[in-house]
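**Q** everything below, folded, please.
(chains A and B)
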Amino acid sequence: MSDWIQKIKTNENEALKEIYLLCREECLVWLQKDFNCSLDDALDIFQMSVMILYDNVISGKLQYLTSHIKTYILGIARNKALELHRSRKSIVSDDILNNIASYITSEDSEVSEAQIILASQSLDELGDPCKTVLIQYYYHDKSMDEITTLMSYKNSDTTKNQKYKCLKRLQNIYFSHTSKSLEH
Amino acid sequence: MRSPQEDIELLDQYIKGTLSTPEIQVLELRLSQEQDLKNDLEALKALRQGMRAKALEEKMRMMREWEEEMEKPEISMAKIGSETKIFTLKKFMAAASMVVLLGVGWWWMKSINEAADQNKYAWNDEEFYKYILHKNERSTSIDVNKQRSKAYNLFTIQEFEEAKPQLESLWQNNQDTLAYFYLGITHLSIGNKHEAKNIFMSPALKNYPITDLIKKCE
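**A** Got it, this is the predicted structure:
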């Protein structure tokens, strides 16, 4: 049952595509039939559901699957479809980042959607390799040794210094954005 | 970020939940007293979620790319569908053109036939049978072959279209003047007045009752 989780951890893109293709048709038909969703809404909900599955695996929230992967995806999709009906408006806007920020704040109330969007935009400005180093460390929870190998750095001390410098640069960009937001 | 690297690492561990209880207590005490450290923690929390958002955004974009890839064959299918529609339309147009052509052809043939019908000479039996001469000829000739018999009989029962090639053959191959006379009447009967007149004017038929027939060709 938890084979999919291991697959996501070892080869995430390939595993996600496999899951995506496995569940897509059934989920879309089900959302349209049982929840009266439009095809566009059904597709957005389905993609969000696969994304949440991935997020749950990476964050460690989902360590074992006690049901079929389809059942898990349909479970998430069901909640999203109900959310859609409750709000009586599209839960998904055209802006992917807004949707993700909305999803994250629904789980973590310590940060606002605006902060998440600013932080994400700051990351784009920061660029690679810093962006990758930070995402690997903070989101994927990779160790310094793993990042050293991944980035082909000299040693873990170099990676540690690099990570600190990157974070400092990122924070400067982020603060410059927040101060601009405050000015406006 | 104003905190030193050691403090940032401490904040990282605090956020990740890897600090021990005594370490947490010490840090939380510091956070209540040091504004810069507190600001760095708040920023770090937001940035961490920003990193999460960025990672998830990449996956969402990847899924949208898969959808676009999946739509490509659909687009192709739609294109094929439209081509099929065009092809069907072409077939329909071709069929319609054929129908129109056949219709025009039929109408044209009908017009010709009607024109020919108008030119056809309508015989009454008495008038027609006075030109049936072969009984007499047959009575005087014992060499009438089957072809002649067939041609003459077809002419007699006024099956002109069928009699025509037989009569032509008898004239061309056997110089049968009666067959030629009948051929003239046949042309007159089917509306070919010009051909009929030419035949009746022929010196070969100078001994045949052609005067009234030539008048009928005018």
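
**Q** strands of the chain, residue ranges please.
**A** Picking chain A for this. Counting by DSSP state E, chain A has no strands at all.

**Q** longest helix in it, by number of residues?
**A** Secondary structure of chain A read by DSSP state H shows that its longest helix is helix A:156-183.

**Q** what's the burial count for B:L37?
**A** 20 (other Cβ atoms under 10 Å in any protein chain shown). (Glycine included, C-beta is placed from N, CA and C.)

**Q** show me the contacts for the single nearest residue of chain B relative to chain A.
**A** Closest approach between chain B and chain A, counting by Cβ to the nearest Cβ: B:G50, at 2.3 Å. Shown in contact with B:G50 (Cβ atoms under 8 Å, 6 or more residues apart in numbering or on different chains): A:Q115, A:I116, A:I117, A:L118, A:A119, A:S120, A:S122, A:L123, A:Y174.

**Q** now it, nearest residue through space, not along the chain?
**A** Closest residue in space to B:G50, ignoring its immediate chain neighbours: A:A119 at 2.3 Å, by Cβ to Cβ, 6 or more residues apart in numbering or on different chains.

**Q** by mean pLDDT, which helix or strand of the chain comes out lowest?
**A** Using chain A here. Taking mean pLDDT, DSSP states H and E as the measure, the helix or strand of chain A with the lowest value is helix A:156-183, at a mean of 84.

**Q** wait, chain B
**A** helix B:134-140 (a mean of 52).

**Q** pull out the buried positions in the next helix or strand after that helix.
**A** The helix or strand immediately downstream of helix B:134-140 is helix B:146-156, counting by DSSP states H and E. For helix B:146-156, the neighbour count (16 or more other Cβ atoms under 10 Å in any protein chain shown) marks B:Q147, B:R148, B:A151, B:Y152, B:L154, B:F155, B:T156 as buried.

**Q** counting contacts, what elements does helix B:146-156 pack onto?
**A** If contacts are counted by 3 or more Cβ pairs under 8 Å, 6 or more residues apart in numbering or on different chains; DSSP states H and E, helix B:146-156 sits against helix B:160-174, helix B:177-189.

**Q** hang on, the earlier thing: what about the residue of chain B closest to chain A, which helix or strand?
**A** helix B:35-119.

**Q** next SSE downstream of that helix?
**A** Next element after helix B:35-119 (DSSP H and E): helix B:125-129.

**Q** export only the CA atoms of that next one, formatted as CSV.
**A** Extracted C-alpha coordinates of helix B:125-129, given in CSV (Å, rounded to 0.1, in the frame of the first residue of the first chain):
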residue,chain,number,x,y,z
ASP,B,125,-51.1,2.6,-89.9
GLU,B,126,-52.8,3.0,-93.3
GLU,B,127,-50.2,5.6,-94.5
PHE,B,128,-47.3,3.6,-93.1
TYR,B,129,-48.3,0.2,-94.5
